[in-house]
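[1] predicted model follows, preceded by the sequence.
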Amino acid sequence: MRNWPYWGVLAAAGLLLGACAVRPKVPPPSTDIDETVFREHLRALSADEFEGRKPGTPGEEKTVAYLVEHFRRLGLKPANGESYLQQVPMAEILAGADAALSFSGHNATLTLAYGKDMVIWSKRPLPQVELRHSELVFVGYGIVAPEYAWNDYADIDVRGKTVLVLINDPGYATKDPKMFKGGSMSYYGRWAYKIEEAARQGAAGVLLIHDKDAAGYGWNVVQNTWTGAQLELAAADGNDAGRAAIEGWIRQDAARGLFGAAGLDFAAAAAAAAHAGFKPIALGAQADATLHNSVRQFSSPNVIAQLPGGSRRREYVVYTAHWDHLGRDLTRSGHNIFNGAIDNASGVAGLLTMAQSFVRTKPVADRSIVFLALTGAEPGLLGSKYYVENPVFSLKETAAVLNLNALRNGGPTRDVNIFDPGNTDLEDYARAAALLQGREVAPEPTPEQGLYFRSDNFIFAMAGVPALYAQRGMDDTARGPVWGRTQLDDFMAHRYHQPDDQYSADWDVRGALDDLRLYYGVGMSVAHSRRFPRWYPNSEFRAGREGRTAP
C-alpha cells in the first residue's frame, strides 16, 4: 500500500507527458530581424503604386496609411495622444516655366537656361518674387565660424546683394587637417547652412556654385531635387521674409563665365577663398531674376508609434527614418516615378522590421522605444525640424536617436561606417555591437560629402540629443573593399535621386539585415543603461546637452 502514492505520481506524470506530446509547447516568436518582413515592406513602399512618396500627393496618403496600419497591427501605441500622426504645416511653392536668371555688366548680358545652367527657387510663399539689378558678390565659402576664426562676411555689407558661394568648406579644399575638419565636411560645408547664413547677412539672392566632387553628386541630382514644387515649413505669418528672395544653384561653367567677363580667374579666386584673409570680390555685375509661383498650403504628417518601457518608461530611445521621396516627374518620358527604394524605403522598411523585433522582445526594455517616420526630409529635413521644435516626447528625456537611412543592398561586410565620428559614446555602443557580429568600425568612406549633416539625425544632434547614423561599410566579405566602393559610387552616379532607384527581388539584403541587428543591439543597450549617452568633449554638438544625465 505504501507504493500507491509513488505509482500515482508516475501516472500523473505520464498523463502530463502525453498531453505535451499531443499539444507541444510553441516557442515564442523570434526577435531576430525578419528578412521576409523587411523585403515585403521594402517592395511595397518602393512600388509604383506609392508614386514616389512625395508629401502632399496621393503617394503620401498611401504611405501614411500603410505605416499607421502596420504600427497598429504590431500593437504599438499611438504616440501623439490618440493619434499616430503629428501634422507638419508646409508650403508648396512651384516656380513657373518662365523662371529667369541673367547677369549684366561689362557691356554684356549673360542669360542662364533654367535646368541646364541654373536652378532657382524661392522659399517665400509669394506669387511673384524677383531680383532687380542686385549687385553680384563672390563671398568664397560664405561661412561665419567664430570657433575657426573665420568670417567671409567680415568686410562687406551684402544687404540687397546677390552672393555667389562655393560648396563645402576650406578644409575640403586644402585638405589641411588644421583647417576646419580637414578632408571631412564640417557643419559649415552644408548647402543649407550657406543659404541660411546668406539670409542672416541680408542677401537678396544666394547662388551656390555646383561642383560634383565638393557636393558629392552631379548636376542631374540638382535638377531632380530642386526643380518642380519646393517645400518649406509654413511660416506663421504666411510670408517667410527670413529667407533670401532667390535661392539656387548655378553650374561651375557659368561661374567661370561670370568671372571671365569681369576679367577675373575663377580658379584663382576659389583657391584664395580657402585661405585665411580672403576678401569678398565684387564682380561689377548685377543679377536679375524672376519667379512666378503657384503656392499651396497643406500639412504632411510625421508618423509616430511607441512601445512603452518598464522601470524608466518616461525616458525614450527613438528610431527615425524619413518616409518621403521625390514623387514623380510628369514632364519626363518613360518611367517617371522616383521610387526611392534605397532612399529611403529601405530605412522605413527597417523601422517597421525593427518594431516587430522589439514588440516580440520580453520583458520590455526599461526605457520606452519610439518609432518615428518623418516627412519632408528630401527638401530640407522639414519633419525633423518641426518635431524638434514641437516634440511629442521631451527632448530632455530622449536618451538617443538612431537614424535609419539608405540601407544599401549587398552582402555582409567586415566593417561598419559611423558618419561624422567623434561626437558621442553611442559610437562605443555601435563598436561593441559590431564586434559581436565579427565586424569593426572603419573610417567613413566619403567624409567630404558630409552625409551626417544631410540626414535627420543632424537636426536632433543640433538640439542636443545624441544621434547615431551608421551603416555597413565597404569591405564586402566575399568581394573586398574595392568592389564595395565601386558599388557605392555606382549608386551615387546612377540611382541616387534618380528614377532607377528601384527594388529588385534578387537584391542581396544580408548587409542591411546585419545593420538592423546592430541597431537593435545598440537600442537595447541604451534602453537598459542607467545613464544617457554622452557627448565627447570635442564634439561640435556638445553644448546642447552638456552635463546632462538621466534623472
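    That came through, no problem. Residues are numbered from 1 along each chain as shown.

[2] show the pLDDT at the nearest residue to Y188 once chain neighbours are set aside.
    Across the structure, with Cβ to Cβ, 6 or more residues apart in numbering as the measure, the residue nearest Y188 apart from its sequence neighbours is I143 (4.5 Å). (C-beta placed from N, C-alpha, C; glycine too.) Residue-level confidence at I143 comes out at 97, pLDDT.

[3] surely I143 and D152 touch.
    Yes: shown here, I143 and D152 form a contact pair, counting by Cβ atoms under 8 Å, at 5.3 Å.

[4] ok, longest strand in the chain?
    Counting by DSSP state E, the longest strand found in the chain is strand 281-307.

[5] on that earlier part again, for the residue nearest to Y188, what are its contacts?
    Contact criterion Cβ atoms under 8 Å, 6 or more residues apart in numbering gives W150, N151, D152, D169, P170, Y188, Y193, K194, E197 as the residues in contact with I143.

[6] would you list the phi and psi of the fifth one?
    Backbone torsions for P170, taken as degrees, to the nearest 10, come to phi -60, psi -30.

[7] show the pLDDT at the closest residue to it other than its chain neighbours.
    Taking Cβ to Cβ, 6+ apart as the measure, P170 lies nearest to A274, with 4.3 Å between them; neighbours along the chain are not counted. With respect to pLDDT, A274 has a value of 96.

[8] for A235, same thing?
    What the model reports as pLDDT for A235 is 81.

[9] so it touches K123, yeah?
    No: taking Cβ under 8 Å as the definition, A235 is not a contact partner of K123, at 9.1 Å.

[10] between these two, which is the more surrounded one?
    When neighbours are counted by other Cβ atoms under 10 Å, A235 and K123 differ, and K123 comes out ahead with 23 against 16.

[11] so how far is L233 from the more buried one?
    Taking Cβ to Cβ, to the nearest Å as the criterion, K123 is separated from L233 by 9 Å.

[12] what do you get for T36?
    Between T36 and L233 the distance is 38 Å, computed by Cβ to Cβ.

[13] these two: who's more crowded?
    Each of T36 and L233 had its neighbours counted (other Cβ under 10 Å), and the higher figure belongs to L233 (19 against 8).

[14] the nearest residue to the more buried one once chain neighbours are set aside: neighbouring residues, count only.
    In space, and not counting its chain neighbours, L233 is closest to L382: 5.4 Å by Cβ to Cβ, 6+ apart. L382 has 27 neighbours, counted by other Cβ under 10 Å.

[15] grab the nearest non-local neighbour of the spatially most central residue of the chain.
    Within the chain, one residue has its C-alpha closest to the average C-alpha position: by Cα atoms, centre = their mean, that is S455, at 1.9 Å. Sequence neighbours aside, N405 is the residue nearest to S455 in space, at 4.7 Å (criterion: Cβ to Cβ, 6+ apart).

[16] pretty sure that neighbour is touching N344, no?
    Yes: at 5.7 Å, N405 counts as touching N344 under the criterion of Cβ under 8 Å.

[17] which neighbours do these two have in common?
    When contacts are counted by Cβ under 8 Å, 6+ apart, N405 and N344 are jointly contacted by A321, H322.

[18] between these two, which is the more surrounded one?
    Neighbours of N405 and N344, each counted by other Cβ under 10 Å, are more numerous for N344; the result is 30 against 23.

[19] so for the residue nearest to S455, what's the pLDDT?
    Taking N405 on its own, its pLDDT is 97.

[20] what about the residue nearest to N151 when sequence neighbours are not counted, how many residues nearby?
    Taking Cβ to Cβ, 6+ apart as the measure, N151 lies nearest to V144, with 5.0 Å between them; neighbours along the chain are not counted. A count of neighbours around V144, defined by other Cβ under 10 Å, yields 15.

[21] OK, contacts around V144?
    V144 sits next to W150, N151, D152, Y153, E197 when contact means Cβ under 8 Å, 6+ apart.

[22] isn't R431 up against R439?
    No: with contact defined as Cβ under 8 Å, R431 and R439 do not form a contacting pair (9.4 Å).

[23] neighbour count winner among these two?
    For R431 versus R439, neighbours defined as other Cβ under 10 Å are more numerous around R439 (23 against 18).

[24] helices along the stretch 301-450 of the chain, start to end?
    Taking DSSP state H, counting those that start in this stretch as the test, the helices found in the stretch 301-450 of the chain are 346-360, 382-389, 426-436.

[25] which residues touch A478?
    When contacts are taken as Cβ under 8 Å, 6+ apart, A478 is in contact with G411.

[26] secondary structure class for it?
    When the structure is split into helix, strand and coil by DSSP: H, G, I helix; E, B strand; the rest coil, A478 lands in coil.

[27] can you give me the helices for the stretch 451-551 of the chain?
    Taking DSSP H, counting those that start in this stretch as the criterion, the stretch 451-551 of the chain carries its helices at 457-462, 481-494, 510-528.

[28] among these, which is nearest R256?
    With Cβ to Cβ, the closest approach to R256 among the helices of the stretch 451-551 of the chain belongs to helix 481-494: 23.4 Å.

[29] quick one, that closest one and helix 510-528 angle?
    90 degrees (axes from the mean of the first three to the mean of the last three Cα atoms, to 10 degrees).

[30] how far away is H494 from A305?
    From H494 over to A305 the distance is 35 Å, taken as Cβ to Cβ.

[31] looking at the two, which has the bigger crowd around it?
    Neighbour comparison, H494 and A305: the larger count goes to A305, with 25 against 12 (by other Cβ under 10 Å).

[32] touching, that one and Y84? I think so.
    Yes: checked against Cβ under 8 Å, the pair A305 and Y84 is within contact range at 5.8 Å.

[33] before we move on, the earlier item: out of the helices of the stretch 451-551 of the chain, deepest packed?
    Relative to the other members of those, helix 457-462 carries the highest mean neighbour count by mean count of other Cβ atoms under 10 Å, namely a mean of 25.

[34] now for that one, which elements pack on it?
    Counting contacts by 3 or more Cβ pairs under 8 Å, 6 or more residues apart in numbering; DSSP states H and E, the secondary-structure elements packed against helix 457-462 are strand 312-322, helix 382-389, strand 398-403, strand 467-472.

[35] can you rerun that using 6 Å?
    With contacts taken as 3 or more Cβ pairs under 6 Å, 6 or more residues apart in numbering; DSSP states H and E, helix 457-462 sits against helix 382-389, strand 398-403, strand 467-472.

[36] I'd like the ones you listed as TSV, with distance to R53 appended.
    Compiled in TSV, the helices and strands packed on helix 457-462 are given as follows (distance: least, Cβ to Cβ, whole Å):
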stretch	distance to R53
helix 382-389	12
strand 398-403	18
strand 467-472	21
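
[37] which one of the ones you listed lies nearest to R296?
    Of all the helices and strands packed on helix 457-462, helix 382-389 sits nearest to R296, with 14.9 Å by Cβ to Cβ.
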